[in-house]
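1. Provide a 3D model corresponding to the input given below.
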Amino acid sequence: MTEQDSLIGQSKKFRRGFKFPKFLKNKKVLIILLALIIVLSGGYFVYSKFTAGTKKTVVAAKTSIVKKGDISIITNSDGSVVAKDGVSLSFSSTGLKINNVFVKEGDVVKKGDKIATADTGTQSIDLGSAYASYNSAKASYAEKIAGPTEDDLASYKNSVESAQASLDKTLTQNEYSIKSAENSVETAKDNLKLSEGGENSQIVQDAYESLYNSSLSALTSLNSALVSADNILGIDNTSANDIFESVLSALDSSKINSAKNSYLVAKEKLNKAESALIPLNLSSNHDDIMAGAKLILDGLTVMHQHYYDLQEMLLSTVPIGDLTQSSLDSMRSSVNSKKSSLISSISSFNSAMKSVDTAKTSYDSYQRSYQNALDALEKAKSDATASEISARLSLKNVEQQLKDASSPLTQAELNSAKSSLANASASVQKLLYQIDQSTLKSPIDGEVVLLNGKSGDIIVESKNSPFVTILNKGTFFVETNIEESEISKIQINQKAHITIDSLDGAVLDGIVNFVSLTSESGNGGVVTYLVRVLLDNTSSVDIREGMSASVDFVIAEALDVLEIPVQAVQNIDGKPSVHLENGDIRQVVTGFTDGQMVEIISGLEEGEKIKY
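-> Model prediction:
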């Protein structure tokens, strides 16, 4: 920690810890003690910093001039201006058009003077509707007192009969719906039996048998194709092509190399397929049959590629020596035929493999259909229960209505009818009141300081902006809420400086004249206390109620003292000292500090320049 950090920290510690002792009641003693604490505390904090050691901190050089000023410790809070006496008025209804405004801001009014009037055309229409509702409620009340007529009772009986018929129809429809759903379940169940057994079902078994047989057939075709190719290439049967081997691919020797290479690959694939398929039979595991089939398909694909290479090779061959054109054409025709046969085999084999998937899918489809049928049956039963309950409830309600109509009026029903009539009457009275309130009148003598409207405007709801504010302009205050952690620093008659931004940052003096003893809890559970500051010299500015204000409460201060930045004070040889601009070092005695500036009691003169 540097000496400067220590000094600032001590100052902050002083600000946090400074409180007026509660047991001191004598103001004179309190003021003297406060002054001693401030001076001694500031001096002690600075001095103790310098006695902590002699280590120096190198910082960028700055200069400052020793000057006189005020040093103070403050706590800040935001608030708003309030007047000692005033009233805010708004129209009681929204959506109305303002007909006339009789005043403007700055006008002086007397109690009872008209401020503005609003159009009551819509309210007059609403009043007519309210009267109609009132008459209806009045007639209903009279009917309940008189009791039901014979026609009323007949209507209730008809409703009961209709509800009973509806219930009977519902029960019949429910029975049909459930029976239909049950039939669907049986049909789906029968279909499922056809594929019962899952992987071992007959349709799946048949598909695998077909695939196995197709694999054996394809294996035979592959062997035949390999032998036919060898008769041309002479790889395994080395003597098969002795009479024309030397002229094969005479036009492009690379073609015979490609054909021989693909022959060896096809032979290898064929051997793998034989090894996997020959040990199997129709009763073998389905996975093994499918694995063998995939090897067969792989072999067919490779063999097809090999015959393509044979075609290319023969196209590069010309009749030379013992190879006649007729023999060459015969070989080409045989290769083309085998190649086409391989294409057909691949297509057929793919179909056989797909048939297995189709068989499995059919089984899954039957399972889903059966489950869907079961779900539909449960839903039909659930819907039937719900519709029956609803129909029975409707019947019960109309039966109760018939019973109630046939029974004498109860006290509760009489009270309900009276309440409806009273509510209708209240609606009429409310509209009559609103029409009366469409004319705003001043309830006090005062000055119009705020007017939020003009003729032709439509009245809208605004909790924070009244239509007009009338003040008895005299005394103004700033009200602010201080958190409980700071309230102990606020005392009656304490000085304060108030900044009002809307008046170009005008600063007014004030004193605390009220500190609430009761707290309030705001958002987040923060506990605050209301504090009111009396403003001085308000006549010099155009101050108005509701203006935002920032209040600096003076906790402690030293006025008209020599001051320099705290950072300029250094610990040199265990003494608080400063560097003059010419490089000299001078010891100083420090006093009060707010953490930014520090009072110089002795050691410097006003106007001297220092650096740090």
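2. The residue nearest the centre of the chain: what secondary structure?
-> What sits nearest the mean C-alpha location of the chain, by C-alpha atoms, centre = their mean, is G524, with 21.4 Å. Per DSSP: H, G, I helix; E, B strand; the rest coil, the secondary structure class of G524 is helix.
3. Spit out the contact partners of it.
-> By C-beta atoms under 8 Å, 6 or more residues apart in numbering, G524 lies in contact with nothing. For glycine as for every other residue, the C-beta is placed from the backbone atoms N, C-alpha and C.
4. got it, and D288?
-> Going by C-beta under 8 Å, 6+ apart, D288 touches A276, L280.
5. switch the cut-off to 10 Å
-> Y212, A276, L277, P279, L280 (C-beta atoms under 10 Å, 6 or more residues apart in numbering).
6. just T469 next, same as before
-> By C-beta under 10 Å, 6+ apart, the contact set of T469 is 83, 86-90, 105, 446-452, 544-546.
7. So which of those residues are in helices?
-> Nothing among those maps onto helices, per DSSP state H.
8. List buried residues within the residues you listed.
-> Buried residues within these, counting neighbours by 16 or more other C-beta atoms under 10 Å: 83, 86, 89-90, 446-452, 544-546.
9. how deep is N191 tucked in, by neighbour count?
-> Close neighbours of N191, defined as other C-beta atoms under 10 Å, add up to 16.
10. Verify the stated contact: it with S365.
-> Yes - between N191 and S365 there is a contact under C-beta atoms under 10 Å: 9.1 Å.
11. G112: which element?
-> Using DSSP states H and E, G112 sits within no helix or strand.
12. just the one 3 residues further on next, same as before
-> When elements are defined using DSSP H and E, I115 is found to belong to strand 114-118.
13. Could you measure from E461 over to S548?
-> With distances taken as C-beta to C-beta, to the nearest Å, E461 is found 23 Å from S548.
14. Which residues belonging to stretch 555-571 are considered buried?
-> 555-556, 558, 561-564, 566-571.
15. on that earlier part again, narrow the contacts of D288 to those that are buried.
-> Neighbour-count burial (16+ other C-beta under 10 Å) applied to the contacts of D288 gives Y212, A276, L277, L280.
16. quick one: which of those is nearest to S519?
-> Using C-beta to C-beta, A276 comes nearest to S519 of the buried ones among the contacts of D288, at 89.0 Å.
17. Spatially nearest residue to the closest one, not counting backbone neighbours?
-> Among residues not flanking A276 along the chain, G292 sits closest, at 4.3 Å (C-beta to C-beta, 6 or more residues apart in numbering).
18. helix or strand right after the longest helix anywhere in the chain?
-> Ordering each helix of the chain by length in residues (DSSP H) puts helix 325-406 first. As assigned by DSSP H and E, the chain's next helix or strand after helix 325-406 is helix 411-436.
19. That following helix vs helix 325-406, what angle?
-> Angle of helix 411-436 versus helix 325-406, following axes from the mean of the first three to the mean of the last three C-alpha atoms, to 10 degrees, is 100 degrees.
20. still on that earlier bit, would you mind measuring from the residue nearest to the centre of the chain to E483?
-> As judged by C-beta to C-beta, G524 and E483 stand 11 Å apart.
21. cool, and S540?
-> 32 Å.
22. Compare neighbour counts for the two and give me the winner.
-> Taking other C-beta under 10 Å, S540 and E483 do not tie; E483 has more neighbours (14 against 9).
23. Surely that one is in contact with L530?
-> No - using C-beta under 10 Å, E483 is not in contact with L530, being 11.9 Å away.
24. excluding its backbone neighbours, what's nearest I74?
-> With sequence-adjacent residues excluded and distances taken as C-beta to C-beta, 6+ apart, I74 is closest to D552, at 4.4 Å.
25. Name the next helix or strand downstream of the helix or strand containing that neighbour, please.
-> Assigned by DSSP H and E, D552 falls within strand 548-565. Using DSSP H and E, the helix or strand that follows strand 548-565 in sequence is strand 570-572.
26. mind listing what's buried in stretch 587-604?
-> Neighbour counts over stretch 587-604 (16+ other C-beta under 10 Å) mark 588, 590-595, 597-601, 603-604 as buried.
27. Distance from the chain centre to stretch 523-539, please.
-> 37 Å (C-alpha atoms, centre = their mean, to the nearest Å).
28. Stretch 408-424 too?
-> On C-alpha atoms, centre = their mean, the centre of stretch 408-424 falls 48 Å from that of its chain.
29. same check, this time on stretch 417-435
-> Remark: stretch 417-435 is offset 44 Å from the chain centroid, using C-alpha atoms, centre = their mean.
30. how about low-confidence regions in this protein?
-> Filtered on pLDDT under 70, the chain yields the residue ranges 1-60, 84-86, 194-195, 197-198, 363, 433, 443-444, 462-464, 473-474.
31. circling back to that earlier point, and the residue nearest to I74, what are its bridge partners?
-> Legend: beta-bridge partners of D552 under DSSP bridges are N76, H497.
32. Check the one 10 residues further on too.
-> Beta-bridge pairing for L562 (DSSP bridges): K68.
33. hang on, the earlier thing: quick one: the contacts of D288 as TSV, columns for distance to I343 and secondary structure too.
-> Converted to TSV, the contacts of D288 look like this (distance: C-beta to C-beta, whole Å; DSSP: H, G, I helix; E, B strand; the rest coil):
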residue	distance to I343	secondary structure
Y212	22	helix
A276	23	helix
L277	21	helix
P279	29	coil
L280	26	coil
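34. ok, so of the residues you listed, who is nearest S427?
-> Closest approach to S427 among those (C-beta to C-beta): Y212, at 89.3 Å.
35. Tell me who's in contact with the nearest residue to that closest one once chain neighbours are set aside.
-> Among residues not flanking Y212 along the chain, I289 sits closest, at 5.2 Å (C-beta to C-beta, 6+ apart). Contacts of I289 were listed using C-beta under 10 Å, 6+ apart, and they are Y208, E209, L211, Y212, S215, A276, L277, L280, N281, L282, S283, V356.
36. quick one: the last one from L280, how far?
-> It refers to V356. Counting by C-beta to C-beta, the separation of V356 from L280 is 15 Å.
37. Could you check how many residues crowd around E605?
-> 9.
38. Domains in this structure, by residue range?
-> Structural domains of the chain, as assigned by the TED database, span the residue ranges 64-84+475-611, 198-389.
39. Next, format these as JSON lines and append distance to A116.
-> Below are the domains of the chain laid out as JSON lines (distance: least, C-beta to C-beta, whole Å):
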{"stretch": "domain 64-84+475-611", "distance to A116": "20"}
{"stretch": "domain 198-389", "distance to A116": "60"}
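40. The stretch 51-200 of the chain: strands as residue ranges?
-> Counting by DSSP state E, counting those that start in this stretch, the stretch 51-200 of the chain has strands at residues 63-65, 67-83, 86-89, 98-101, 108-109, 114-118.
41. quick one, which of these is packed in tightest?
-> Comparing the strands of the stretch 51-200 of the chain by mean neighbour count (mean count of other C-beta atoms under 10 Å), strand 114-118 comes out on top with a mean of 21.
42. what are the pairing partners of that one, and which direction each?
-> Applying DSSP bridges, strand 114-118 is found paired with strand 98-101 (antiparallel), strand 439-441 (antiparallel).
43. So what touches it?
-> 89, 91-93, 95-103, 107, 109, 434-435, 437-442, 448, 451, 453-455, 457-459, 467-468, 470.
44. for stretch 269-278, same thing?
-> Residues outside stretch 269-278 that contact it (C-beta under 10 Å, 6+ apart) are 212, 215-216, 218-219, 222-223, 225-226, 284, 288-289, 291-303, 306.
45. list the buried ones in it?
-> Result for stretch 269-278 [16+ other C-beta under 10 Å]: buried residues K269, L270, A273, E274, A276, L277.
46. cool, stretch 568-586 as well?
-> Neighbour-count burial for stretch 568-586 [16+ other C-beta under 10 Å]: A568, V569, Q570, N571, I572, K575, P576, S577, V578, H579.
47. ok, now stretch 303-312?
-> Buried residues in stretch 303-312, counted by 16+ other C-beta under 10 Å: M303, H304, H306, Y307, Y308, D309, L310, Q311, E312.
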